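**Q** next comes the sequence, and after it the predicted model I'd like to discuss.
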Amino acid sequence: MSAATPKARAGFEALLGSAAPGLAPAGRALRRAILSLHPGATETLWPRQRIASFGAGPRKMSEHCAYIGFHAAHVNLGFYHGAALADPSGLLVGTGKRLRHVPVRTAAEAGSPALKALLREALRDRERALEPTP
């Protein structure tokens, strides 16, 4: 589902309905931040898992760079290949082989320069990984 379509926006708004009270503004701000840096992103929604995922195509672990996941007290901005990202601000949380996330509670946090820098790096990482080899 393309992020630019009204159907994608409506689907994301429905996903926000599962968010804890007060977290919808953070979720919307994260989506805006992702789409401002990657306007042609493919957006895939998993309502049962309360996740919206973004990338260059439909394949989650190879083509997607980031996801928004709703939890009881925060919204995760997750990175499928976050373990490989530089994180000079120390925002990333997690110990898995690949995935890392940043817990976000407010729209202001979602718009922070450090978070946007991580998003830019994650996009570049996926672009490099998806470049055809000569």
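**A** Sure, I can see it. Numbering: from 1, shown residues only.
**Q** where is the longest helix in the chain?
**A** For the chain, the helix with the greatest residue count under DSSP state H is helix 113-130.
**Q** can you list the buried residues in that helix?
**A** The neighbour-count check on helix 113-130 (16 or more other Cβ atoms under 10 Å) flags 115, 117-119, 121-123, 125-126 as buried. To be clear about C-beta, it is placed using only N, CA and C from the backbone, and glycine gets the same treatment.
**Q** what about it, average pLDDT?
**A** Across helix 113-130, the average pLDDT comes to 89.
**Q** give me the contacts around it.
**A** Contact partners of helix 113-130, identified using Cβ atoms under 8 Å, 6 or more residues apart in numbering, comprise 33-34, 37-38, 55-56, 62-66, 77, 79, 81-82, 84-89, 91-92, 102, 104, 109.
**Q** list the buried residues for the helix or strand bottoming out on mean pLDDT in the chain?
**A** Sorting the helices and strands of the chain by mean pLDDT, DSSP states H and E puts helix 60-63 at the bottom, at a mean of 74. Within helix 60-63, the residues that qualify as buried are residue 63, counting by 16+ other Cβ under 10 Å.
**Q** then stretch 17-32?
**A** 19, 23-31.
**Q** among the residues you listed, show me the least confident.
**A** Looking at the buried residues of stretch 17-32 by pLDDT, the weakest one is residue 19, with 83.
**Q** tell me which of the buried residues of stretch 17-32 fall in strands.
**A** Nothing among those maps onto strands, per DSSP state E.
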